[in-house]
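J.: what would the 3D arrangement of this be:
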Amino acid sequence: MTPSLLTRELIDDTSAWRLIVRIADDTMSALLLGPDGPERGALFHTERLEGPSVKALENAVYDNPLLLGDFEAVDVIFSTPQCFAAPRTASPLREEMAEAMLPDYDAPRTLLAEPFCTDGELVYAVGSEMYNFVARTFACARFHHSLAIDAAWLGAHAEPSGLYALCDSASEMNLVGFGPDRRLVYLNRPPTFAPADCAYYILAAAAPGAELTIGCRTGAGEQIEETLGAVRPDARIMPLTLPDAMLRLGRQALQAPFDMLFLTQL
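T.: From the prediction side, this is the model:
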């Protein structure tokens, strides 16, 4: 779904608004949130990109001039499988670890890192040309990775147990697992292209008898659950439940991917 373009006429003054931009290989999404209060405004826009190129992203941004406004706060989420978890104490070795963990990256890249728990950080790679454009365009933005947001929000707000699979599409799935003591034990952004791929990685990560919580933004959810039920009939599959505070953001905001919604509470 691609709503109307974000023109400057939609908001007279953006200085009290928050902007969250999400960049994936084939989509750009934007969530705009007004000042806190019972009448809080929200706008959501998403559109497909003409391939994972900087030019495609530039076109999408400039076609939506409201994104270039002066916002109170700006966050940019990168949703990319080019990532790995590491101890925060190993941060001086990020470059060396990236060479080993992310070898299939030919273009110049910029490494970023985001804490997701007390002693862990998610290291991720963004093409340097892409990063430079985003950093210039959103000069005061805070940068995030989709998987780090999911892990941080679930750990803080979900009273977590078992394995969580968050699918914004069949090609974008984050897996976050917690042990009986609510300690984070598993984190992965596997390469998926279809519901069957998602089901495969969920089954590989889930311990026998573990509770599975699945959140899906597309029809892929039913196919994933059917496959899981056929292969592992004893699986305890639960739907992801969003808290009331998030539901109060309104219909527009609730169309956004999970990580964008979670970031509003972090």
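J.: center of this structure - which residue?
T.: Closest to where the C-alpha atoms of the chain average out (CA atoms, centre = their mean) is Ser146, at 2.8 Å.
J.: that one contacts Arg189, doesn't it?
T.: Yes: between Ser146 and Arg189 there is a contact under CB atoms under 8 Å: 7.4 Å. C-beta: built from backbone N, CA, C; applies to glycine.
J.: intersection of neighbour lists for the two?
T.: By CB atoms under 8 Å, 6 or more residues apart in numbering, Ser146 and Arg189 have these common neighbours: 80, 174.
J.: what pLDDT does the residue nearest to the centre of the chain get?
T.: Looking at Ser146, its pLDDT stands at 98.
J.: now the one 10 residues further on
T.: Per-residue confidence at Ala156 stands at 89 (pLDDT).
J.: and the gap between the closest residue to it other than its chain neighbours and Asp75?
T.: Spatial nearest neighbour of Ala156, chain neighbours left out: Leu266 (7.4 Å); criterion: CB to CB, 6 or more residues apart in numbering. Noted for Leu266: a distance of 9 Å to Asp75, by CB to CB, to the nearest Å.
J.: Ala206 now?
T.: Look at Ala206 and Asp75: by CB to CB, they are 31 Å apart.
J.: all the strands of the stretch 101-250 of the chain, residue numbers only.
T.: Applying DSSP state E, counting those that start in this stretch to the stretch 101-250 of the chain gives strands spanning 109-115, 120-127, 142-145, 162-169, 172-178, 184-188, 211-216, 236-239.
J.: the ones you listed: lowest mean pLDDT?
T.: Among the strands of the stretch 101-250 of the chain, strand 236-239 scores lowest, at a mean of 86.
J.: Phe84 - how many residues pack around it?
T.: Other residues lying near Phe84 total 19 when counted by other CB atoms under 10 Å.
J.: cool, and the one 4 residues further on?
T.: The local packing of Arg88 (other CB under 10 Å) involves 13 other residues.
J.: swap in Tyr131?
T.: 20.
J.: ok so, going back, who has more neighbours, Leu266 and Asp75?
T.: The neighbour comparison of Leu266 against Asp75 (other CB under 10 Å) goes to Asp75, with 21 against 13.
J.: hey, which of the strands of the stretch 101-250 of the chain is tucked in deepest?
T.: Comparing the strands of the stretch 101-250 of the chain by mean neighbour count (mean count of other CB atoms under 10 Å), strand 172-178 ranks first with a mean of 25.
J.: same for it, what does it pack against?
T.: helix 146-157, strand 162-169, strand 184-188, helix 195-205 (3 or more CB pairs under 8 Å, 6 or more residues apart in numbering; DSSP states H and E).
J.: measure the residue nearest to Ala156 to Leu49 for me?
T.: Distance of Leu266 to Leu49, given as CB to CB: 26 Å.
J.: ditto for Thr218
T.: For Thr218, the distance to Leu49 (CB to CB) stands at 18 Å.
J.: pick out whichever of these two has more residues nearby.
T.: Leu49 (17 against 14).
J.: ok, the more buried one touching Glu58?
T.: No: at 10.0 Å, Leu49 and Glu58 do not qualify as touching, with contact defined as CB under 8 Å.
J.: which regions of the protein sit below the pLDDT cut-off?
T.: 1-4 (pLDDT under 70).
J.: where along it do the helices fall?
T.: Applying DSSP state H to the chain gives helices spanning 54-62, 94-101, 128-137, 146-157, 195-205, 220-231, 244-247, 258-263.
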